[in-house]
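Chemist: Could you work out the structure for the sequence below:
(one chain, ligands or ions: 1)
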Amino acid sequence: SAAEKGGWSSFMAKEVSEEPEAVANTLRGRLHEGAVTIPELDGLDDLFAGINRIIVIACGTAAYAGMVGKYALEQWTRVPVDVELAHEFRYRDPVIGPDTLVVSISQSGETMDTLMAVKFARERGAKTLSICNTQGATIPRESDAIVYTHAGPEVAVASTKAFVAQITALYLLALHVGRVRGALSDAASVEAVRELEAVPAKIVRVLEKEQAHIEQFARWMGDTQSVLFLGRHVGYPIALEGALKLKEISYIHAEGFAAGELKHGPIALVEPGQAVFVIVPSPRHSAELHKKVVSNIQEIRARGARVIAVAEEGDAAVLPFADEVLRIPLAGALFEPLLAVVPLHIFAMGLATAKGLDVDQPRNLAKSVTVE
Ligand code: G6P
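Modeler: Have a look, this model is predicted:
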């Protein structure tokens, strides 16, 4: 009903507006004086000390959160991490055992593919930890440990606020496990906690400064047939998520690529007028990576692409080559995805709305897929 939407035109619009709280509520009670302590994980130090491998399993948007989480898990725990789609993981013969931690991610906690993969991991003797947004759901009940996201109920089929909450929970887990294992320096912990605490206000800033602009621009792109998304490093899964969201709710062809792959294939798709979103990494973190992505932009622009850059405030290098620049506030390298995804969520919603589609209930999709 209209009342449940709290004055918003759709649940998805409401849920995107709640992305700042989804992060803040997931952090609440878990940060203390520059360190992360997750009370639910008390008593599990031996479990975390005893692993030598982490496998993250999930489906859909949750799997992209997992791909972002891999960078943080490896950086802060120094344990090797693989990310795999739950349905693929289960139907091969993975090398896992008691020294493997399988981290599942699921908003609903009921996705059958993910649940079966968790059960399979347990049968093989692996340790299991569930990142879940739904209290008491099946997947957390089947797991050795649980870290809840506190995004609040998500109603729209396309996941938005749960995604930023999942990344937040993965970062908290990485910092917790890194500290327990002695892999994380105090300075790195303090810095990460400071960055995490700043994320909600930065998302608010993206919404305030860019939402109206993106919606207007999405209306203008209303008859676009195909959109490509390019990203690198943590921007790569964000490109995949931007493409997925567009497919799910606006029914147009969309594909995300690792920017470095451009010359190995995708550039063949670029013809005049092709819309391409490019997630531009901050030049402050890696001048080299930034330069490479800017040169990707030049390459596609030379072939007539219409470039929409998602770039940090003050990055002037993209201005000469971009048709649109969507700005995100400055953040640490690992924290940029939590900001860069917001314009992509707004864009997908704007384009679907411009096409007169029901953004909350896209055709053929279910919020939670409880069959294999
Ligand atoms: C469905 C939804 C997606 C979601 C995926 C995983 O396909 O349409 O939005 O990302 O399931 O759902 P989960 O509840 O496991 O996060």
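
Chemist: contacts, neighbours, all on C-alpha from now
Modeler: Will do.

Chemist: which stretches of the stretch 251-372 of the chain form strands?
Modeler: 253-258, 275-279, 306-312, 324-328 (DSSP state E, counting those that start in this stretch).

Chemist: Buried deepest among those strands, which one?
Modeler: strand 275-279 (a mean of 26; mean count of other Cα atoms under 10 Å).

Chemist: Any idea how far it is from the middle of the chain?
Modeler: 17 Å (Cα atoms, centre = their mean, to the nearest Å).

Chemist: Give the next helix or strand downstream of the helix or strand harbouring Leu173.
Modeler: Taking DSSP states H and E as the criterion, Leu173 maps to helix 161-180. Going down the chain from helix 161-180, the next helix or strand is helix 186-220, by DSSP H and E.

Chemist: Check which residues of that following helix are buried.
Modeler: 189-190, 192-196, 199-200, 202-207, 210-211, 213-215, 218-219 (16 or more other Cα atoms under 10 Å).

Chemist: for that helix, packing partners?
Modeler: helix 19-27, strand 35-36, strand 324-328, helix 336-354 (3 or more Cα pairs under 8 Å, 6 or more residues apart in numbering; DSSP states H and E).

Chemist: The ligand: which of those is closest?
Modeler: Of all the helices and strands packed on helix 186-220, helix 336-354 sits nearest to the ligand, with 12.3 Å by Cα to the nearest ligand atom.

Chemist: what helices or strands is the closest one leaning on?
Modeler: If you count contacts as 3+ Cα pairs under 8 Å, 6+ apart, helix 336-354 packs onto helix 11-17, helix 186-220, helix 235-250, strand 306-312, strand 324-328.

Chemist: what's the angle from it to helix 186-220?
Modeler: 20 degrees (axes from the mean of the first three to the mean of the last three Cα atoms, to 10 degrees).

Chemist: which residues sit in contact with Phe250?
Modeler: Not Phe; residue 250 is Ser. 348-349, 351-352, 355, 357, 359 (Cα atoms under 8 Å, 6 or more residues apart in numbering).

Chemist: Ignore what I typed, I meant Glu18.
Modeler: Counting by Cα under 8 Å, 6+ apart, Glu18 touches Lys161.

Chemist: Next, give phi and psi for it.
Modeler: phi -90, psi 10 (degrees, to the nearest 10).

Chemist: swap in the one 10 residues further on?
Modeler: Its backbone dihedrals place Arg28 at phi -50, psi 130, with angles given as degrees, to the nearest 10.

Chemist: Just the pLDDT for it.
Modeler: Arg28 is assigned a predicted lDDT (pLDDT) of 98.

Chemist: tell me the contacts of Leu115?
Modeler: Taking Cα under 8 Å, 6+ apart, one finds 109, 138-139, 142 in contact with Leu115.

Chemist: so which of these comes closest to the ligand?
Modeler: The closest of the contacts of Leu115 to the ligand turns out to be Gly109 (Cα to the nearest ligand atom; 5.6 Å).

Chemist: okay, now that closest one: neighbour count?
Modeler: Neighbourhood size, Gly109 [other Cα atoms under 10 Å]: 25.

Chemist: So which residues on the stretch 201-350 of the chain come close to the ligand?
Modeler: Residues of the stretch 201-350 of the chain lying close to the ligand by Cα under 6 Å from any ligand atom: none are found.

Chemist: For Glu255, state which of the contacts of Ser250 is nearest.
Modeler: Each of these was checked against Glu255 using Cα to Cα; the closest is Ala348, at 13.0 Å.

Chemist: Isn't that closest one up against Ile249?
Modeler: Yes: if you go by Cα atoms under 8 Å, Ala348 and Ile249 touch, sitting 7.0 Å apart.

Chemist: still on that earlier bit, what's the closest of the strands of the stretch 251-372 of the chain to Gly235?
Modeler: Gly235 sits nearest to strand 275-279 of all the strands of the stretch 251-372 of the chain, at 5.9 Å, using Cα to Cα.

Chemist: Just give me the residue closest to the centre of this structure.
Modeler: Ala65 (3.7 Å; Cα atoms, centre = their mean).

Chemist: Next, work out how far apart it and the ligand are.
Modeler: According to Cα to the nearest ligand atom, to the nearest Å, Ala65 and the ligand sit 10 Å apart.

Chemist: circling back: is the ligand contacted by the helix holding Leu173?
Modeler: No: Helix 161-180 lies out of reach of the ligand by Cα under 6 Å from any ligand atom, never closer than 7.9 Å.

Chemist: How far off centre is that helix?
Modeler: That offset, for helix 161-180, works out to 12 Å (Cα atoms, centre = their mean).

Chemist: Taking helix 336-354 as reference, get the angle to it.
Modeler: 170 degrees.

Chemist: May I see the buried residues of helix 161-180?
Modeler: Those would be 161-180, for helix 161-180 by 16+ other Cα under 10 Å.

Chemist: now swap in stretch 116-125 and tell me
Modeler: Under 16+ other Cα under 10 Å, the buried positions of stretch 116-125 are 116-119, 121-122.

Chemist: rewinding a little: what about the helices and strands packed on helix 336-354, which gets the closest to Val276?
Modeler: Proximity to Val276, assessed across the helices and strands packed on helix 336-354 by Cα to Cα, is greatest for strand 306-312 (5.1 Å).

Chemist: Mind giving me the packing neighbours of the closest one?
Modeler: Against strand 306-312 (3+ Cα pairs under 8 Å, 6+ apart) you get strand 275-279, helix 287-302, strand 324-328, helix 336-354.

Chemist: sorry, back to before: show me what the helix holding Leu173 is packed up against.
Modeler: Using 3+ Cα pairs under 8 Å, 6+ apart, helix 161-180 is in contact with helix 19-27, strand 35-36, helix 45-49, helix 61-77, strand 127-132, strand 145-148.
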